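# Turn this into a structure:
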Amino acid sequence: MKESHFFPEKYLQSLKNGSVTWQSPSNIALVKYWGKYGQQYPKNASISFTLNHCNTITELKYFLNESNDQSFDFEVFFEGIKTDAFKPKIEAFFERIEQYIPFLKQFRFEIHTSNTFPHSSGIASSASGMSAIALCIMSMEKLMQPEMTETYFNQKASFLARLGSGSACRSIEGDLIVWGEHKKIEGSSQLFGIQYPYKVHDNFKNYQDTILLVDKGEKQVSSTVGHNLMIDHPFAEQRFQQANENLSKLIPILEQGDISEFIKIVESEALSLHTMMMTSMPYFILMKPNTLEIINRIWAYRKKQNSHVCFTLDAGANVHVLYPEKEKVNVQTFIKNELASFCKNGEYIIDQVGFGAIQK
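Numbering: from 1, shown residues only. Okay, here's the model as predicted:
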């Protein structure tokens, strides 16, 4: 499939004024993508759990623009407050998608958005935020093309979201999403995320994710800058190969329900991601002392209790504590008693795997 697949046909209906609202989740990658090229294409395939409770809710109000102004006309309101700081990223997003959504300059927009989790908490708000906007725009296009199929809608929403934030393409559906071409995963694509197409053991259903908020500030290095540092990274090609091999290894693990082998890959992927940051030029460390303390305590608890709890990390200091549903009570007690004290103000978010975005 090529990008031209998403050029729209002639619209059958016209729009004037209206609004649409979508709730879109964040996601947490199990096999990480770090390094991209061209228009947000990944250097390796990745797979993620879609989250359930960590969402962005976005209402897109649209008004037919009577002027002939050839610029994008929009305002952004974050949690009820006009927020110009978000405008440059959204304008860049509009510029990237305009050839696929040619009506953007025909409307004036108000983007009203809020998160169910703290902004700059280290949760992938760009994934949930950009996917929510993409879904709202696709709802507008569907009103103009009523015959649009659900499959096309989801694929194009993921395709557009990718152009705003790479990981956003994994936030349209759930519960396991693959993004990036992989020789062993049928239907996988550089252009958009797909639902993982193979059998998944019950051990991995309703998987739990508690996010420990170690650091709630802005990251010292943006993901965009971090991805760009992979261009001349001395270990980049080996890393891309490692990620694709780990995704291959996950296929039988997910089918057979082997949580012990799942843990090895997931934790190794998290540490490999941060290793690439520490060995780039310039190098940087996003983990904090409390991140390491939490990891060591998870390892100690797992060994002592013969537990299947494990961790993963995004490009930040916070820790995602992953565990099967049957260990929910015990692990959450452990988190409350032993890990919460290492979180900023003792804050953490209890979440679990979810099944994608919802129109409100």
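# okay, now V221: neighbour count?
Neighbour count of V221, defined by other CB atoms under 10 Å: 18. The way it works is simple: take the backbone N, C-alpha and C, and place the C-beta from them, glycine included.
# Tell me if I'm right that it and I285 touch.
No - using CB atoms under 8 Å as the test, V221 is too far from I285 to be in contact (9.5 Å).
# Name the spans of the stretch 151-300 of the chain whose pLDDT lies under the cut-off.
Across the stretch 151-300 of the chain, the ranges flagged by pLDDT under 70 are 218.
# in the top strand by length along the chain, what counts as buried?
The longest strand of the chain (DSSP state E) is strand 46-64. Using 16 or more other CB atoms under 10 Å as the test for burial, strand 46-64 gives 46-52, 54-62.
# any shared contact partners between V221 and I285?
Common contacts of V221 and I285, defined by CB atoms under 8 Å, 6 or more residues apart in numbering, comprise M277.
# before we move on, the earlier item: return the member of the buried residues of strand 46-64 nearest to V214.
C54 (15.8 Å; CB to CB).
# Would you mind measuring from that closest one to I97?
Distance of C54 to I97, computed by CB to CB, to the nearest Å: 24 Å.
# repeat for H5
Taken as CB to CB, the span from H5 to I97 is 14 Å.
# Those two: which is more packed in?
I97 (22 against 12).
# what are the phi and psi values for the more buried one?
phi -100, psi 0 (degrees, to the nearest 10).
# and what of Q256?
phi -90, psi -10.
# give the contact list for M278.
Counting by CB under 8 Å, 6+ apart, M278 has contacts 284-285.
# and what of the one 5 residues further on?
Shown in contact with Y283 (CB under 8 Å, 6+ apart): M277.
# and if you look at G80?
By CB under 8 Å, 6+ apart, the neighbours of G80 are 112, 114.
# So K216 sits against C343, correct?
No - using CB under 8 Å, K216 makes no contact with C343, being 9.1 Å away.
# just the angle between the helix or strand encompassing E245 and strand 46-64, please?
Per DSSP states H and E, E245 falls inside helix 236-256. Relative orientation of helix 236-256 versus strand 46-64 (axes from the mean of the first three to the mean of the last three CA atoms, to 10 degrees): 100 degrees.
# Pull out the buried residues from the helix or strand hosting V266.
Under the criterion of DSSP H and E, V266 resides in helix 259-278. By 16+ other CB under 10 Å, the buried positions in helix 259-278 come out as 259, 262-263, 265-267, 269-270, 272-274, 276-277.
# Show me which pair in the residues you listed is furthest apart.
Largest pairwise distance in the buried residues of helix 259-278, by CB to CB, is 27.6 Å, between I259 and M277.
# And the strands in the stretch 101-250 of the chain, which stretches?
107-115, 176-179, 193-195, 208-212 (DSSP state E, counting those that start in this stretch).
# now, of those, which is deepest in the fold?
Comparing the strands of the stretch 101-250 of the chain by mean neighbour count (mean count of other CB atoms under 10 Å), strand 176-179 comes out on top with a mean of 25.
# what helices or strands is that one leaning on?
Packing contacts for strand 176-179, counted by 3 or more CB pairs under 8 Å, 6 or more residues apart in numbering; DSSP states H and E, involve strand 46-64, strand 193-195.
# Please pull up the helix or strand immediately following the longest one.
Per DSSP H and E, the first helix or strand lying C-terminal to strand 46-64 is strand 73-78.
# tell me which residues of that following strand are tucked away?
74, 76-78.
# So what touches it?
Taking CB under 8 Å, 6+ apart as the rule, strand 73-78 contacts 65, 82-84, 86-87, 90-91, 94, 105, 107-114, 119.
# The same query, at a cut-off of 10 Å, please.
58-63, 65, 67, 82-87, 89-91, 94, 104-115, 119, 129, 133 (CB atoms under 10 Å, 6 or more residues apart in numbering).
# Which residue ranges make up each domain of this structure?
According to automatic domain parsing, the chain comprises the domains 3-198, 208-352.
# Single out the most deeply packed of the ones you listed.
Using mean count of other CB under 10 Å, domain 3-198 ranks as the most buried of the domains of the chain, with a mean of 19.
# what's the angle between the helix holding E245 and helix 259-278?
Using the same axes, to 10 degrees: helix 236-256 against helix 259-278 is 160 degrees.
# Quick one: distance of stretch 178-188 to the chain centre.
17 Å (CA atoms, centre = their mean, to the nearest Å).
# typed the wrong thing, it's stretch 125-145
With CA atoms, centre = their mean, you get 15 Å for stretch 125-145.
# just the CA coordinates of that stretch, formatted as PDB?
Taking C-alpha atoms only, stretch 125-145 is exported to PDB below (Å, rounded to 0.1, in the frame of the first residue of the first chain):
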ATOM      1  CA  SER A 125       0.500  12.600  25.700                       C
ATOM      2  CA  SER A 126       1.600  13.300  22.100                       C
ATOM      3  CA  ALA A 127       0.300   9.800  21.200                       C
ATOM      4  CA  SER A 128      -3.100  10.200  22.700                       C
ATOM      5  CA  GLY A 129      -3.300  13.900  21.700                       C
ATOM      6  CA  MET A 130      -2.400  13.700  18.100                       C
ATOM      7  CA  SER A 131      -4.400  10.500  17.600                       C
ATOM      8  CA  ALA A 132      -7.500  12.300  19.000                       C
ATOM      9  CA  ILE A 133      -7.100  15.200  16.600                       C
ATOM     10  CA  ALA A 134      -6.600  12.800  13.700                       C
ATOM     11  CA  LEU A 135      -9.800  10.900  14.600                       C
ATOM     12  CA  CYS A 136     -11.800  14.100  14.800                       C
ATOM     13  CA  ILE A 137     -10.600  15.200  11.400                       C
ATOM     14  CA  MET A 138     -11.400  11.700  10.000                       C
ATOM     15  CA  SER A 139     -14.900  12.000  11.500                       C
ATOM     16  CA  MET A 140     -15.300  15.200   9.400                       C
ATOM     17  CA  GLU A 141     -14.100  13.400   6.300                       C
ATOM     18  CA  LYS A 142     -16.500  10.600   6.900                       C
ATOM     19  CA  LEU A 143     -19.400  13.000   7.100                       C
ATOM     20  CA  MET A 144     -18.300  14.100   3.600                       C
ATOM     21  CA  GLN A 145     -17.800  10.500   2.400                       C
END
